[in-house]
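**Q** no sequence for this one, just the structure:
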């Protein structure tokens with residue numbers, strides 16, 4: 001009897017999850033079939049995080065694999081307006097935690113992870129790296145989304 005209830009519970013949970021996924025709006029086709037890997041490193045300058053590159057150039061409307069490597073001895077939150085919303089995140093792996101607001105990812109201290117995203121349309125945004133100890137002084141870089149090559 002216990003197993004029957006457990007099975008029914010699992011079936012109900014999976015049907016609710018698949019209904020929720022079916023309701024999300026699918027992404028339009030990517031501008032390019034290539035998924036370029038890009039590395040983003042996080043270090044500390046005193047108590048302030050520093051992300052490199054300061055100008056993060058990515059192809060617009062393209063699936064990108066962002067390799068994040070933190071050398072910071074504390075957690076750092078990576079944010080970019082609109083870029084880390086659930087609709088644009090394809091997969092996250094490693095020492096990355098999606099923040100509840102969907103505005104960014106927390107990278108664990110000395111963490112590494114891979115974030116596969118669909119970039120937004122062409123344009124420029126500010127991206128930031130913020131430590132919990134120094135929230136009022138984040139590192140701010142430039143996210144530049146350019147037309148895909150080819």
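**A** Noted; the coordinates are in hand. Keep in mind that this is a model prediction, so the values were computed, not measured.

**Q** from here on, contacts and neighbour counts on C-alpha atoms
**A** Fine.

**Q** where in the protein is pLDDT low?
**A** 1-36, 150 (pLDDT under 70).

**Q** repeat that with 90
**A** 1-37, 46-47, 86, 100-102, 132-137, 148-150 (pLDDT under 90).

**Q** so the nearest residue to residue 74 once chain neighbours are set aside: helix, strand or coil?
**A** With CA to CA, 6 or more residues apart in numbering as the criterion, residue 74 has its nearest non-adjacent residue at 4.3 Å, and that residue is residue 109. Following DSSP: H, G, I helix; E, B strand; the rest coil, we place residue 109 in the coil state.

**Q** how close does residue 109 get to residue 131?
**A** 10 Å (CA to CA, to the nearest Å).

**Q** more neighbours: those two, which one.
**A** Counted by other CA atoms under 10 Å, residue 109 and residue 131 do not tie: residue 131 has more neighbours, with 23 against 16.

**Q** list the beta-bridge partners for that one.
**A** residue 76 (DSSP bridges).

**Q** that one contacts residue 79, correct?
**A** No: assessed by CA atoms under 8 Å, residue 131 is found out of contact with residue 79, at 11.4 Å.

**Q** next, the contact list for the nearest residue to residue 108 once chain neighbours are set aside, please.
**A** Nearest residue to residue 108, sequence neighbours excluded (CA to CA, 6+ apart): residue 75, at 4.5 Å. Contacts for residue 75 (CA atoms under 8 Å, 6 or more residues apart in numbering) come out as 106, 107, 108, 109, 110, 131, 132.

**Q** any chance of those in TSV, with distance to residue 37 too?
**A** Formatted as TSV, these follow (distance: CA to CA, whole Å):
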residue	distance to residue 37
106	20
107	18
108	21
109	22
110	20
131	25
132	28
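
**Q** in ChimeraX, how would I select the buried members of the residues you listed?
**A** Per 16 or more other CA atoms under 10 Å, the buried members of the contacts of residue 75 correspond to this ChimeraX selection:
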select :106,107,108,109,110,131
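
**Q** nearest to residue 38 among the contacts of residue 75?
**A** Residue 38 has its nearest neighbour among those in residue 107, at 16.2 Å by CA to CA.
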